[in-house]
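Participant: Okay, sequence plus prediction incoming.
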Number of protein chains: 2
Amino acid sequence: MCPHTLVRMERADAARNRARILEAAAALFAARPPHEVTMDDIAKAAGVGRGTLYRRYPDRASIAVALLDEHERELQERLLRGDPPLGPGAPPAERLAAFYAAMVRLLEDHAHLVLGSEVGRTRFETGAYGFWRAHVRSLLVAAGTPSPDALVDTLLAPLAPEVYVYQRSDRGLGMDEIIEALTRLTRVL
Amino acid sequence: MCPHTLVRMERADAARNRARILEAAAALFAARPPHEVTMDDIAKAAGVGRGTLYRRYPDRASIAVALLDEHERELQERLLRGDPPLGPGAPPAERLAAFYAAMVRLLEDHAHLVLGSEVGRTRFETGAYGFWRAHVRSLLVAAGTPSPDALVDTLLAPLAPEVYVYQRSDRGLGMDEIIEALTRLTRVL
DNA sequence: GCTTAAATGGACAACGTGTCCGCTTACTGA
DNA sequence: TCAGTAAGCGGACACGTTGTCCATTTAAGC
């Protein structure tokens, strides 16, 4: 682009390789559990060397985060500026229910990504978690719920990918049943 | 014990080594994050060989589970036969609140164990999770809550060790605040 | 005591990780 | 158009962990 940009531009080959890595990783993660995919597998599939891979992504988790990023951004945008009940305008309880439903749809498509990639507490360190947290917290405050700080994480906990996958696969529950149960949680407001 | 027991008794040295392993593992897990403790560390600290360790415990997770087992059993006993509101007799909502409070106390002491030991979905495969699930489900049924199957896991999700540690450490919340937030969840019944 | 089968423990091979450094390639300014 | 330069590349390497295997030891039964 503009050669006079103050921030040094990313070199063309670097950009190409990043795209290749992300594409290859997405294919591999879709095919088998992320923790069974080695960094070497990804490098091989992307047609880049080991060092190139490590330069950008120090571990599997950071690759998974990068893959999730775009999908999460879209939902974040709708929460901020979309139509009610997801966006501003509807009563807090309805917005929370809409948020739950939207998150379930996100999980249905991408839970396998974040799952197993050395999750654990990693999930909370994602920028995305902070966003969901701030959003739900603002709904709690708007609803006048007392001491929202502890309740936020409590309400966000059922959206953990492990929980969702357990409900779907091991328990054989459908998306609708899960959404219904989550919607019931909005009574705490 | 009785030499005529049909089920072959565990040999004396085997029992001694199991005790050693559990004791050593508890000390190591208390000192640093479980995922930084190698199987070799445990074997060394317990004064047994690598093979001996693997014979009984195929991985770190199974050791952590064994360590948790006794503490969980005690709570399970109190849920089944203890005094109200934890045990039978009190209304479902109060029993659920009491269960939450008891679990928080358990987490406060032992969350570090299950945390990081290759958790993820492992948690659900524990026999203990099945027990908590059955207990809460029975409370939901007793309260006449419709379609309890999806709601159970939703209500159990905030008790995930990762969530608790995040609230305590990263968010700086106290046990009381967390218990209060969980108690609020009993409104969904 | 003697037999037998379980239990032990360390050596071993295979694997994944992360780093390092010589080589290559894309930008830049003349 | 063409060097000069710095960023980017990639494979070889060393390290640490894992899980298995089997010769040896040791407890229990007769």
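Facilitator: Cool, got the structure.
Participant: For the worst-scoring helix or strand of chain A on mean pLDDT, name the packing helices and strands.
Facilitator: Across the helices and strands of chain A, mean confidence by mean pLDDT, DSSP states H and E is lowest for helix A:122-125: a mean of 79. Applying 3 or more CB pairs under 8 Å, 6 or more residues apart in numbering or on different chains; DSSP states H and E, we find helix A:122-125 packed against no helix or strand. Quick note: C-beta positions are derived from backbone N, CA and C, even for glycine.
Participant: Pull out the buried positions in the next helix-or-strand element following that helix.
Facilitator: Downstream of helix A:122-125, the first helix or strand assigned by DSSP states H and E is helix A:127-142. Using 16 or more other CB atoms under 10 Å in any protein chain shown as the test for burial, helix A:127-142 gives A:128, A:129, A:131, A:132, A:133, A:135, A:136, A:137, A:138, A:139, A:140.
Participant: Report the contact partners of the third one.
Facilitator: In other words, residue A:131. A:72, A:76 (CB atoms under 8 Å, 6 or more residues apart in numbering or on different chains).
Participant: leaving aside the residues next to it on the chain, what's closest to residue A:69?
Facilitator: Distance criterion CB to CB, 6 or more residues apart in numbering or on different chains; nearest residue to residue A:69, sequence neighbours excluded, is residue A:128 at 7.7 Å.
Participant: Spit out the contact partners of that neighbour.
Facilitator: Residue A:128 neighbours (CB under 8 Å, 6+ apart): A:68, A:69, A:72, A:76.
Participant: now the second one: how far from DNA strand D?
Facilitator: In other words, residue A:69. According to CB to the nearest atom of the strand, to the nearest Å, residue A:69 and DNA strand D sit 19 Å apart.
Participant: Output the helix or strand hosting that residue as CSV, restricted to C-alpha atoms.
Facilitator: Using DSSP H and E, residue A:69 maps to helix A:60-81. C-alpha atoms of helix A:60-81 as CSV (Å, rounded to 0.1, in the frame of the first residue of the first chain):
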residue,chain,number,x,y,z
ARG,A,60,-1.5,-23.9,18.9
ALA,A,61,-3.6,-21.8,21.1
SER,A,62,-2.6,-18.5,19.5
ILE,A,63,-3.5,-20.0,16.1
ALA,A,64,-6.9,-21.0,17.3
VAL,A,65,-7.4,-17.6,18.7
ALA,A,66,-6.5,-16.0,15.4
LEU,A,67,-9.0,-18.2,13.6
LEU,A,68,-11.8,-17.4,16.0
ASP,A,69,-11.1,-13.7,15.9
GLU,A,70,-12.9,-12.8,12.7
HIS,A,71,-16.1,-14.7,13.7
GLU,A,72,-16.2,-13.2,17.1
ARG,A,73,-15.7,-9.7,15.7
GLU,A,74,-18.8,-10.0,13.6
LEU,A,75,-20.9,-10.8,16.6
GLN,A,76,-19.3,-8.0,18.7
GLU,A,77,-20.2,-5.6,16.0
ARG,A,78,-23.9,-6.7,16.0
LEU,A,79,-24.0,-6.4,19.8
LEU,A,80,-22.8,-2.8,19.7
ARG,A,81,-24.6,-1.5,16.6
